[in-house]
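Engineer: Would you be able to build a 3D model of this:
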Amino acid sequence: MRNYTLLILLGIPQTQGLETLLFVVFLFIYIFTLLGNSLIFTAIVSSPSLHSPMYFFLGLLSIFDMLFPSVTCPKMLLYLSGQSPAISYRGCAAQLFYHLLGSTEGCLYSVMAYDCYVAICHPLRYMLIMKPGVCLGLVMIAWLVGWLHATILTSLTFQLVYCASNQVDYFFCDLPAVLPLACTDNKLARKVGSINVGFLALMLLFSVCVSYVHIGVAILRIRSAEGRQKVFSTCSAHLTAILCAYGPVIIIYLQRTPNPLLGAVVQILNNIVSPMLNSLICSLRNKEVKRALRRVFQNIKLGVQK
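Structural biologist: So this is what the prediction gives:
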């Protein structure tokens with residue numbers, strides 16, 4: 001086996017000459033993502049009124065939304081700014097770490113949907129059901145599923161022999177871009193990768209749908225329009241974030257004939273834009289979070305004045 005010392009990332013397909021524009025756009029999105037999610041996390045940690053299971057999961061989601069784009073975005077910004085597009089073999093393998101973060105975050109969405117279901121359908125038993133130990137156990141299960149998923153994909157990918165080329169025709173080392181470089185049979189890795197990712201995404205999406213079907217039935221039973229509006233407002237932000245996350249994954253990994261440009265656009269939406277939208281959605285649609293953010297900004301302003 002010939003171990004590459006360097007691999008060359010060829011970048012986003014069909015974007016030659018747009019590097020400067022893309023650098024400015026993605027840099028702004030990345031900074032906004034880090035800033036927005038760090039503010040939400042700070043607001044949740046610093047506000048005792050937000051120390052509940054729902055906001056515990058929301059704080060974890062903010063952490064994932066900072067880590068997820070950080071796996072691929074810094075390297076992409078480097079070569080868009082004119083730096084070398086080369087990446088080490090180990091660095092390329094490390095970029096598959098985003099599968100761990102992505103699958104764990106997908107599990108977290110399912111956990112948050114279940115939390116909404118318990119809060120709306122069993123409000124009197126909510127704190128009894130969603131005890132701290134239960135919340136921690138659900139998060140540990142999410143991490144375990146993500147670790148198992150990422151381990152399977154990474155081991156299948158990097159046990160192959162790579163000797164054909166060192167050029168990755170993509171903007172990061174994703175499975176569909178790395179596997180064609182193998183000079184041995186990669187059918188097993190391709191098939192298991194597609195089935196694994198597709199099955200996990202569909203199962204998690206199904207679990208979310210089950211929770212929201214029960215939530216929808218509960219909303220229809222509420223007689224007052226004000227009550228229905230309050231419940232719908234509580235879950236609409238979470239449901240919007242789920243749709244933004246699962247849509248790109250299903251499009252990328254379940255398409256029969258891969259389209260490089262479509263895949264890159266959808267992957268960018270999933271890796272970079274969705275984490276930014278989550279911070280906007282959660283802060284603008286949640287009154288408790290908005291109040292906590294105002295207090296954070298007031299504390300920052302007082303600190304600057306001093």
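Engineer: What's the local residue count around Ser279?
Structural biologist: 25 (other Cβ atoms under 10 Å). (Glycine included, C-beta is placed from N, CA and C.)
Engineer: ok, now the one 10 residues further on?
Structural biologist: Residue neighbour count, defined by other Cβ under 10 Å, stands at 22 for Val289.
Engineer: Checking it next. Helix, strand or coil?
Structural biologist: For Val289, the secondary structure call by DSSP: H, G, I helix; E, B strand; the rest coil comes out as helix.
Engineer: Report pLDDT for it.
Structural biologist: Val289 carries a pLDDT value of 79.
Engineer: before we move on, what about Leu58?
Structural biologist: The model's pLDDT for Leu58 equals 86.
Engineer: how near is it to Asn299?
Structural biologist: To Asn299, Leu58 is 20 Å away according to Cβ to Cβ, to the nearest Å.
Engineer: Could you verify my assumption that Cys73 touches Val273?
Structural biologist: No: using Cβ atoms under 8 Å, Cys73 makes no contact with Val273, being 11.0 Å away.
Engineer: which one of these two has more residues nearby?
Structural biologist: Shown here are Cys73 and Val273; by other Cβ under 10 Å, Cys73 has more neighbours (22 against 17).
Engineer: For that one, give me its contacts.
Structural biologist: The contact partners of Cys73, taken as Cβ atoms under 8 Å, 6 or more residues apart in numbering, are 26, 30, 271-272.
Engineer: And for Pro74?
Structural biologist: Tyr30.
Engineer: leaving aside the residues next to it on the chain, what's closest to Glu105?
Structural biologist: Phe64 (4.4 Å; Cβ to Cβ, 6 or more residues apart in numbering).
Engineer: just checking, the one you found is part of a helix?
Structural biologist: Yes: under three-state DSSP, Phe64 falls within a helix.
Engineer: Any idea how many residues pack against it?
Structural biologist: By the criterion of other Cβ under 10 Å, Phe64 has 20 neighbours.
Engineer: ok, it touching Ser103?
Structural biologist: No: with contact defined as Cβ under 8 Å, Phe64 does not count as touching Ser103 (10.7 Å).
Engineer: I'd like the contacts of Cys73 written out as a markdown table, with secondary structure added.
Structural biologist: Listed next are the contacts of Cys73 as a markdown table, based on three-state DSSP:
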| residue | secondary structure |
| --- | --- |
| Phe26 | helix |
| Tyr30 | helix |
| Asn271 | helix |
| Ile272 | helix |
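Engineer: Now tabulate these in JSON lines and tack on distance to Leu124.
Structural biologist: Shown next, in JSON lines, are the contacts of Cys73 (distance: Cβ to Cβ, whole Å):
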{"residue": "Phe26", "distance to Leu124": "47"}
{"residue": "Tyr30", "distance to Leu124": "43"}
{"residue": "Asn271", "distance to Leu124": "41"}
{"residue": "Ile272", "distance to Leu124": "41"}
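Engineer: Now for the residue nearest to Glu105: which residues touch it?
Structural biologist: Phe64 sits next to 101, 104-105, 108, 275 when contact means Cβ under 8 Å, 6+ apart.
Engineer: Most widely separated two among these?
Structural biologist: Thr104 and Pro275 (13.6 Å; Cβ to Cβ).
Engineer: More neighbours: which of the two?
Structural biologist: For the pair Thr104 and Pro275, the greater number of neighbours falls to Pro275 (30 against 23), based on other Cβ under 10 Å.
Engineer: The helix or strand that one falls within - contacts with which helices or strands?
Structural biologist: Assigned by DSSP states H and E, Pro275 belongs to helix 274-284. With contacts taken as 3 or more Cβ pairs under 8 Å, 6 or more residues apart in numbering; DSSP states H and E, helix 274-284 sits against helix 19-46, helix 53-70, helix 225-254, helix 287-305.
Engineer: Report the inter-axis angle for that helix versus helix 53-70.
Structural biologist: Angle, helix 274-284 to helix 53-70, by axes from the mean of the first three to the mean of the last three Cα atoms, to 10 degrees: 150 degrees.
Engineer: Tell me how far the most centrally placed residue in the chain lies from Ala245.
Structural biologist: Nearest to the geometric centre of the chain sits Gly102, at 4.8 Å (Cα atoms, centre = their mean). Remark: distance between Gly102 and Ala245 (Cβ to Cβ) = 8 Å.
Engineer: hang on, the earlier thing: would you check that my belief about the residue nearest to the centre of the chain contacting Leu67 is correct?
Structural biologist: No: look at Gly102 against Leu67 with Cβ under 8 Å: they stay out of range, at 10.3 Å.
Engineer: quick one: low-confidence parts of the chain?
Structural biologist: Low-confidence segments of the chain (pLDDT under 70): 1-5, 164, 227, 230, 233-234, 237, 247-261, 282-285, 301-306.
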